[in-house]
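> Fold the following for me, if possible:
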Amino acid sequence: MRAPGEILLVACYEMGHQPLAVAWPAAVLEQRGYRPAVLDLSLEPFDEEAVRRARLVALSVPMHTALRIGIQAAERIRSVNPSCHVSFYGLYASLNADHLLAGIADSVVGAEPEPALAELAQALEAGRDAGEAAGVITAGRREPGRLARAALPTPSRGSLLPLARYVRLERAGKAELTGYVEASRGCLHLCRHCPIPPVYHGRFFAVPLEACLADAAQQIEAGATHITFGDPDFLNGPTHALRVARALHRDHPHVTFDFTAKIEHLLRHRALLPELRALGCVFIVSAVESLSERVLEHLVKGHTRADVVEALDAVRGAGIDLRPTWVAFTPWTTLDDYLEMLDFVEAHDLIDHVDSVQYALRLLVPPGSLLVESPAFRPFMGDLSSEELSYRWAHPDPRVERLQQAVNAAVGEAAARREDAAVTFRSVRELAHAAAGRALAPAGPLPDAGRVRPPHLTEPWFC
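From the prediction side, this is the model:
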């Protein structure tokens, strides 16, 4: 009989959602007879007793913030239980495998990690070398194997913290419990700044309909009235997406949802938008990134400024809110570009649709990024920072660098005091105009603080 807790799955950060990247491996491990323990470092203190019991500690790092938290945790894990096997898994584990295997981790598992983690557990249990497990990367075995679709059961959420501890949907003055599912993994596209293409290479896998619906159902039973589809792009497979949305609405007609999709997909599949609204979609996140044609070309975004306007009109015309996200600072972003972004947000009544942190986001270039091989990026590229886990780059205009630092500080302080988005936006505009040496027209009155804001999640979207 396997003792409970021999395997410890550690969620480092998943944008405030109950960690699906832990729930799925837990389900696969349970199928093979293990009883993994779970720890969510975004909400729970470091559990020394759980670490001492573990033969294998696997840290989930699907994003940059999670990786930084995970590396700090790994140091404590080593000090508490030097004999346990420490493994990192997820997108940012793949991208940072060289760094992790240079003394931080014993192994790394990349995309579609569930079968590999189970194989790793069985190899360690049998006293075999971790590198013999398919899909596992170690210092002595650097070939991860062919990326393949994982057989995905219903995620196991029984050991996770309750939904009430996680992100909520704020709507009409109420904060509603929110679930998180994925209908697909990976992405068809090769945007140069995205962490997914270096790992999935333009492929995506549909999650079985039954597994996706069962996962949504168990969260709805736990009180969720809204579901976030966390797919990199829900419309990569529009037929599958529509099938999932229809089934969700059929089974739970009172439940609403949101998803993420590229601007070009919103235009290509605009005919689906009215039905998606009728099925319960209340907002869509889209990575606009920039309005500069030059920046969009360097990032290979696949859309233009005009496309953004057209997509915004199409989404709103269907009765859905669009929440654009931005990479506000890149090596090619000018002060004029930044001011145009702010003008656009104001002119299109998007202030309440943009999380203020978006105005400060700086292009992140992790190891393996497609930008590293881009001739347009190379003139600005510095060293790979082991602290920042990203390639450093410097903007040719020092005014832009100073603006980014000032905006980053301003939005951080504003978030700490839960400042009204309109107040923060005004502060950012003032900083941008000062950086450009331009006079700012006298500001009108601020919107009513008691206004009805569009539905949004309580955790800002960023990586």
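> going forward, measure contacts and count neighbours with C-alpha atoms only.
Will do.
> My guess is residue 12 contacts residue 61. True?
Yes: Residue 12 lies in contact with residue 61 (C-alpha atoms under 8 Å); the separation is 6.3 Å.
> can you list residues touching both of the two?
67, 70 (C-alpha atoms under 8 Å, 6 or more residues apart in numbering).
> Run through the helices of the stretch 51-200 of the chain in chain order.
If you assign secondary structure with DSSP state H, counting those that start in this stretch, the helices in the stretch 51-200 of the chain sit at 64-80, 91-95, 97-100, 114-125, 197-200.
> can you tell me the helix or strand for residue 410?
Using DSSP states H and E, residue 410 falls within helix 398-416.
> now what about that helix, what contacts it?
Residues contacting helix 398-416 (C-alpha under 8 Å, 6+ apart): 329, 334-335, 356-357, 359-362, 394-395, 424, 427-428, 431-432, 435-436.
> again, only using 7 Å
335, 356-357, 360, 395, 424, 428, 431-432, 435 (C-alpha atoms under 7 Å, 6 or more residues apart in numbering).
> What residues of that helix count as buried?
By neighbour count on 16 or more other C-alpha atoms under 10 Å, the buried set for helix 398-416 is 400-401, 403-404, 406-408, 410-411, 414-415.
> what do you get for stretch 309-325?
Result for stretch 309-325 [16+ other C-alpha under 10 Å]: buried residues 311-315, 318-325.
> Could you report the neighbour count for residue 31?
12 (other C-alpha atoms under 10 Å).
> for residue 63, that is, sorry about that
Neighbours around residue 63, by other C-alpha under 10 Å: 19.
> so it makes contact with residue 92?
Yes: using C-alpha atoms under 7 Å, residue 63 is in contact with residue 92, at 5.8 Å.
> Now name the helix or strand holding residue 323.
Per DSSP H and E: strand 321-326 holds residue 323.
> Could I get the buried residue list for the following helix or strand past that strand?
On the C-terminal side of strand 321-326, the nearest following helix or strand under DSSP H and E is helix 335-347. For helix 335-347, a neighbour-count test (16+ other C-alpha under 10 Å) marks 335, 337-339, 341-342, 345 as buried.
> got a list of contacts for helix 335-347?
291-292, 328, 351, 400, 432, 436.
> Among those residues, which one sits closest to residue 2?
Closest approach to residue 2 among those (C-alpha to C-alpha): residue 328, at 50.1 Å.
> got a pLDDT number for the nearest residue to residue 164 once chain neighbours are set aside?
Excluding its sequence neighbours, the residue lying closest to residue 164 (C-alpha to C-alpha, 6 or more residues apart in numbering) is residue 177, at 6.3 Å. Listed pLDDT for residue 177 reads 98.
> Give me the distance between residue 177 and residue 387.
For residue 177, the distance to residue 387 (C-alpha to C-alpha, to the nearest Å) stands at 36 Å.
> Mind checking which of these two has more residues around it?
Each of residue 177 and residue 387 has its neighbours counted (other C-alpha under 10 Å); residue 177 has more, 22 against 7.
> So that one sits against residue 162, correct?
No: with contact defined as C-alpha under 7 Å, residue 177 does not count as touching residue 162 (9.9 Å).
> per-domain residue ranges of this structure.
Domain assignment for the chain by automatic domain parsing gives 7-137, 163-457.
> Of those, which stretch is the most buried?
domain 7-137 (a mean of 21; mean count of other C-alpha atoms under 10 Å).
> Just the mean pLDDT for it, thanks.
Mean pLDDT, domain 7-137: 96.
> Ends of it, what's the gap?
One end of domain 7-137 to the other measures 18 Å (C-alpha to C-alpha).
> got it, and stretch 437-455?
Length of stretch 437-455, first residue to last, C-alpha to C-alpha: 36 Å.
> cool, stretch 342-361 as well?
Termini of stretch 342-361 sit 14 Å apart (C-alpha to C-alpha).
> model confidence over it, on average?
Rounded mean pLDDT across stretch 342-361 is 97.
> Please renumber the chain so that the first residue is 362 from this point on.
New numbering, starting at 362: the last item is stretch 703-722.
> thinking again about what came up before, ok, the residue nearest to residue 525 - contacts?
By C-alpha under 7 Å, 6+ apart, the neighbours of residue 538 are 524-525, 529-530, 584-587.
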